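Asks: need coordinates for the following:
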Amino acid sequence: MIKKLKLDGKEHISKESIELVETTIEKENPDVIGVELDQERLHQLLSGKKWQQTDITEVIKSGKTYLFLLNVLLSNMQKQLGAAVGVKPGAEMLVAIKKAQETKTPVQLLDRNIRITLKRAFKIMSLREKMKLGGSILAGMFGFGQKQTIDAKLIEDLKQEDLINKLMKELGKQMPSIKQVLVDERDEYISQMIKNSPGEKIVAVIGAGHLSGIVKNLESKKKVNMKKISEVPKSRNYLKYLKYLIPILFILFIGYLISFKGIDATISALIIWFLANGICSAIGATLARSHPLTILTAFVAAPFTSLHPAIAAGWFAALAEARFNSPRVIDFEKLSNVSTIKGFYNNKVTHLLIVTALTNVGSVIGTIVALPFLIDLLI
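Replies: Numbering: from 1, shown residues only. Okay, the predicted model is just below:
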């Protein structure tokens, strides 16, 4: 079946895009209205709730601290852009859904699940790209909105297709893995969802950055492997094995020292391990502006958690910090306004995650610092 297709490729935070969505749907009277959303984002958009439903304990225990902080930051930066021009992010999607309800037109969700997209990005990204992305995010947190005023003209300039294409090409040069997952794969996914949609005529509401890629994929006869791009790739997680290898090697190492080097060398090794892990984790907790007893907890816990593959020093530090600075309902409600370093530290939810993250980083660094001193004891 050949579909009649109308692509509404506009910037997501423009008043003009909202008007265009309304007029296009009224003019085209489509059989289906497609929106660049997945089920999860649709629910969040309709309910208006997002961070309030967060289980912060589960975030910490599942090791999703860094992903959650990144998600908060990127989401709130988009909100900040929208506020500058008086438009709520996702407003054009809501208009499309409202029009669909008014005309009783089926809605087709075109985008891939956001969690899968982010997980695929982190799995595929090289360490260099992750460091570059982290640096860009930190730079944005420190300088966002200070060097250039965000206004309607700037947003309109960014909407121009040629500029969007230039930005996509530049992103591809700087961080090819990010572009592959966030742009190219989603172009393929959205175009295939459009092809699979019911009816003969569809109006698809998508972002301007995806327009050229989607058109290219729609014109191509290449079959998109939806199963492949809808799964998180299974990579060889050497870190997982390293977590088990470290305690095994440490026990063998201590056994060797006791047997061949004597009790003095063994005590020296234990002191080095305890101090390196404890001090580095305590420094991480200090950088997170933790309570003094939280810092002490990080110092004591790290040498032991470093030898246990299932627990982390950051968990204990976070539990201790929660006793003194426990997140309240208002902190979850205010997560939507966090977009700067100061904001991350002041909000008790994100502050708790920063304590977790920096304490864990300190523990890892402590293990690395201890290794050459321990090896020296063997000589």
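
Asks: quick one: the helices in the stretch 201-350 of the chain?
Replies: 208-219, 226-229, 238-256, 263-287, 292-305, 313-324, 329-333, 341-346, 348-378 (DSSP state H, counting those that start in this stretch).

Asks: mean pLDDT lowest for which of those helices?
Replies: Here the helices of the stretch 201-350 of the chain differ in mean pLDDT, and the lowest is helix 329-333 at a mean of 62.

Asks: quick revisit: mind putting the helices of the stretch 201-350 of the chain into TSV with mean neighbour count and distance to G34?
Replies: Just so you know, the C-beta spots here come from the backbone N, C-alpha and C atoms, and that holds for glycine as well. Formatted as TSV, the helices of the stretch 201-350 of the chain follow (neighbours: other Cβ atoms under 10 Å; distance: least, Cβ to Cβ, whole Å):
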stretch	mean neighbour count	distance to G34
helix 208-219	18	10
helix 226-229	13	16
helix 238-256	13	39
helix 263-287	20	46
helix 292-305	22	48
helix 313-324	23	42
helix 329-333	14	32
helix 341-346	15	35
helix 348-378	21	34
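
Asks: which of those helices sits closest to R112?
Replies: Minimum separation from R112 across those (Cβ to Cβ) falls at helix 226-229, 7.2 Å.

Asks: need the contact partners of that closest one.
Replies: R112, R120, E185, E188, Y189, Q192 (Cβ atoms under 8 Å, 6 or more residues apart in numbering).

Asks: apply 7 Å and report the result again.
Replies: Helix 226-229 has contacts (Cβ atoms under 7 Å, 6 or more residues apart in numbering) with E185, E188, Y189, Q192.

Asks: L46 is nearest to which of the helices of the stretch 201-350 of the chain?
Replies: Nearest of these to L46, taken as Cβ to Cβ: helix 329-333 at 18.0 Å.

Asks: hang on, R112 packs against D38?
Replies: Yes. Using Cβ atoms under 7 Å, R112 is in contact with D38, at 6.3 Å.

Asks: who's in contact with the residue lying closest to L296 once chain neighbours are set aside?
Replies: Nearest residue to L296 in three dimensions, chain neighbours excluded: A282, at 7.5 Å (Cβ to Cβ, 6 or more residues apart in numbering). Residues counted as contacts of A282 (Cβ under 7 Å, 6+ apart) are I295, A298, F299.

Asks: D187 now?
Replies: H210, G213, I214, N217.

Asks: can you list those in TSV and add distance to L249?
Replies: TSV is the format used below for those (distance: Cβ to Cβ, whole Å):
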residue	distance to L249
H210	48
G213	48
I214	51
N217	49
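
Asks: dump the helices of the stretch 201-350 of the chain to a markdown table, plus distance to L94.
Replies: Compiled in a markdown table, the helices of the stretch 201-350 of the chain are given as follows (distance: least, Cβ to Cβ, whole Å):
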| stretch | distance to L94 |
| --- | --- |
| helix 208-219 | 18 |
| helix 226-229 | 27 |
| helix 238-256 | 41 |
| helix 263-287 | 40 |
| helix 292-305 | 42 |
| helix 313-324 | 36 |
| helix 329-333 | 21 |
| helix 341-346 | 26 |
| helix 348-378 | 26 |
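
Asks: which stretch among these comes nearest N29?
Replies: Of all the helices of the stretch 201-350 of the chain, it is helix 208-219 that lies closest to N29, at 20.9 Å by Cβ to Cβ.
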